[in-house]
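>>> After the sequence you'll find the predicted model.
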There are 2 protein chains.
Amino acid sequence: MNIKVDRNEFLKALITVSKATTLRNVGSLEGILLESYDDVLSLYATNKEIQISTIIDAKVIREGKLLINSRILSDIVRSFDNGEVEIDADENNNIKLTCLNSKFNITAMDYRTFPNKEVYNINDFIKMDNHVIRNMIKETSFACATSDSVSPILTGILIENNDEDIKFVAIDGFRMAIRSEQSKERYMNNIKCVVPSSTLNELNKILTNYDDDVFLNINDKKFVANIGRTQLVSSLLQGQFIDYGNLLPKESKTIVKMNKNELLSACERAAIISDEGRAHLITLHFTDNNLLLTSKSAYGNVEENININLSGEDLDISFNSRYVIDALKVIEDEKVILEFNSSNSPCLIKPVSSNKFTYLIMPVRISN
Amino acid sequence: MNIKVDRNEFLKALITVSKATTLRNVGSLEGILLESYDDVLSLYATNKEIQISTIIDAKVIREGKLLINSRILSDIVRSFDNGEVEIDADENNNIKLTCLNSKFNITAMDYRTFPNKEVYNINDFIKMDNHVIRNMIKETSFACATSDSVSPILTGILIENNDEDIKFVAIDGFRMAIRSEQSKERYMNNIKCVVPSSTLNELNKILTNYDDDVFLNINDKKFVANIGRTQLVSSLLQGQFIDYGNLLPKESKTIVKMNKNELLSACERAAIISDEGRAHLITLHFTDNNLLLTSKSAYGNVEENININLSGEDLDISFNSRYVIDALKVIEDEKVILEFNSSNSPCLIKPVSSNKFTYLIMPVRISN
């Protein structure tokens, strides 16, 4: 192979595909496969769960394939000042990497040891705005179960679409986040699959470097996302997801409207005193148009008073403060609505200005 | 005690004094001593090596002394929105901390278990500009020996003054950084002491929050720095510091003038390939008006060419790349001068535009 590429474009492509090598891989999976043909260079990396490929323009003097250690190659290209990077490799895998007055000689790995590149041509797709899908990931992924969960399926995000809406759902057993949004274009329907949250978090990182819309395609085994000339392919999680619709209460006996930042600040203050041994417990006393928020531990106790707008019955209820804080942090609206039925049944938190985000949280039962 | 203080002023004071509790203290040393009298609140913390005290304005309704856990108190005050913080403690050490609609109840520790507050009145002093002393710390402390050094005295910075100049010197056995500067005012002379670099790094952090000049006083046992109403007192390191003047070469057979950023970038690129097993070795070949910088390891090799201005003899010399990079990073000038005598004798690195900073680095001897 002998090619010339722009240093900035090359580095951006390396950063993108190397996300598929973030797991501690061994041997050939530490590599990025470079392939030059026509007027392009394609880059490809995989850890067998996620594979990422991208294509950049190149002056191709001699076509070829190379497999190079991802860390070394990224570090070298990052260290170059911007200019034209020349890659010149002989048949013995000796590579000259040149840029301006710098010349590196490194050795490639044997590309025949690398898994075959799989490329998915998307015909049917759901087209989503770049910023919208990043918001959907941010507003749900925090509520997924962690990797040591007893239900591996809950470490993923349920994606489903019906009609115009696409919906992301995350549940960890104590809380649930639901985010729905209209797609820009849609040529697929009745999708229902569970995508690892780690995949969607990597997709989110890639999207921050691009402005393009995202084209999603989902089949029985794979989640595919195309962003311009970049493609991310991920395995799906197999198993039965919780029937989340049944968890949502049908009515609410107490409805509270209040300032989001006042509630967030009060919860964060209470969390200073609440301790891990007591599940970061805070108690909310809703009476008239006042919320008294309390917390106590061996360190002392704290009381917060906030003006609220209450309709329905007064109520006392206790939560793990971290679960309330997590949800309030991703809500961008100035005001939130909280809905309750009793001290022992789930609470709903929603932004006032839209019905696109719903958060459900289970209370902590306090013995009297 | 019953007092009212401004939340922002109180938090700044807590951040300042809590730097004396950054080490993992036990019992009462985890506390900050608060003392109210006249129209002020004084705050004081110590880990027995460094003590920091500061004073802020306060409305004093009832004088008193309190010892409160530093982390809890700082977290609480940080969590308050800006406003007036009231501290109201009864004789049983039960404290009410109130700000706006938030009320914390916490318990104080017994202040009689805390070491006595030592306050040094500075009569003789050296007055230094805030930004100048921060630069002096930044440009020397990186060259101190680490805490596992065989020579504990080299973990400190030698401070000495003669006439108008104050000089900071750091040596770790392989390199030396010397920084000198004129004082703004001077009522002390013939100072010579070694201050722990950890003390000066804490002083640097404090100074970033203030604009005031620094008043230094040094006696046989203590280093004292006053910044406005804040005082830092530190123990000195005892022992014989290296006679650094003898290390400086008297003449130079090779003098090179070159662009600092080009040299720094080339060293950083070479460091990608240089490996730990070979002491991050890079080799510099100075010939005519060209520097060829090379490095090799199991990963491959790298060559860099840089235009230079050379007077004197050609030279080949090898260094640990990290030692060169460290020095170039703190030099703000665009151009540097390198001075050599042979491949086995120390090299000097200086900025072109001032004689205030001198860096000496020992080469790595390469067997032929």
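Structure received. Numbering: from 1, shown residues only, chains lettered A, B, ... in the order given.
>>> Look up how far chain B lies from residue A:195.
Note on residue A:195: its distance to chain B, by C-beta to the nearest C-beta, to the nearest Å, is 35 Å. No exception for glycine: its C-beta is placed from N, CA and C like everyone else's.
>>> For chain B, see how far away the closest residue to that residue other than its chain neighbours is.
Closest residue to residue A:195 apart from its sequence neighbours, by C-beta to C-beta, 6 or more residues apart in numbering or on different chains: residue A:223 at 4.7 Å. Using C-beta to the nearest C-beta, one gets 35 Å for the distance from residue A:223 to chain B.
>>> With residue A:213 instead?
36 Å.
>>> still on that earlier bit, could you point out which element follows the strand or helix carrying the residue nearest to residue A:195?
Residue A:223 belongs to strand A:222-227 when elements are defined using DSSP states H and E. From strand A:222-227 onward toward the C-terminus, using DSSP H and E, the following helix or strand is strand A:230-235.
>>> For the stretch 51-200 of chain A, which segments are assigned as helices?
Chain-ordered helices for the stretch 51-200 of chain A, with DSSP state H, counting those that start in this stretch as the definition, fall at A:70-79, A:130-141, A:197-207.
>>> Residues of the stretch 1-150 of chain A that sit close to chain B?
Remark: the part of the stretch 1-150 of chain A in contact with chain B comprises A:69, A:72, A:75-76, A:79-81, A:101-107, using C-beta under 8 Å from any C-beta of the partner chain.
>>> can you rerun that using 10 Å?
On the criterion C-beta under 10 Å from any C-beta of the partner chain, chain B has as its neighbours in the stretch 1-150 of chain A the residues A:69, A:71-72, A:74-76, A:78-81, A:94-107.
>>> Show me the domain layout of chain A.
Following automatic domain parsing, one gets these domains for chain A: A:2-113, A:126-244, A:249-361.
>>> Based on its surroundings, how many neighbours for the nearest residue to residue A:103 once chain neighbours are set aside?
Nearest non-adjacent residue to residue A:103, counting by C-beta to C-beta, 6+ apart: residue B:303, 4.6 Å away. Residue B:303 is surrounded by 19 other residues when neighbours are defined as other C-beta atoms under 10 Å in any protein chain shown.
>>> go on, residue A:227?
Residue A:227: 21 surrounding residues under other C-beta under 10 Å.
>>> Pairing partners for it in the sheet, please.
In this structure, residue A:227 bridges to residue A:230 when assessed by DSSP bridges.
>>> Tell me the residues of the stretch 251-368 of chain A that contact chain B?
A:261-262, A:265-266, A:268-273, A:290, A:292-296, A:298-307.
>>> Not counting its neighbours along the chain, what's nearest residue A:186?
Spatial nearest neighbour of residue A:186, chain neighbours left out: residue A:126 (5.2 Å); criterion: C-beta to C-beta, 6+ apart.
>>> do the same with residue A:120
That would be residue A:224: by C-beta to C-beta, 6+ apart, it lies 4.8 Å from residue A:120.
>>> hang on, that neighbour packs against residue A:235?
No: contact between residue A:224 and residue A:235 fails when scored by C-beta atoms under 10 Å: they sit 11.2 Å apart.
>>> more neighbours, the two?
More neighbours sit around residue A:224 than around the other of residue A:224 and residue A:235, counting by other C-beta under 10 Å; the figures are 20 against 15.
>>> By average pLDDT, which secondary structure element in chain A comes out worst?
strand A:185-186 (a mean of 86; mean pLDDT, DSSP states H and E).
>>> quick one: strands adjacent to that strand?
If you go by DSSP bridges, strand A:185-186 pairs up with strand A:126-128 (antiparallel).
>>> So what touches the strand it pairs with?
If you take C-beta atoms under 10 Å, 6 or more residues apart in numbering or on different chains as the criterion, strand A:126-128 is touched by A:133-134, A:136, A:159, A:161, A:166, A:181-189, A:191, A:207, A:213-218, A:225-226.
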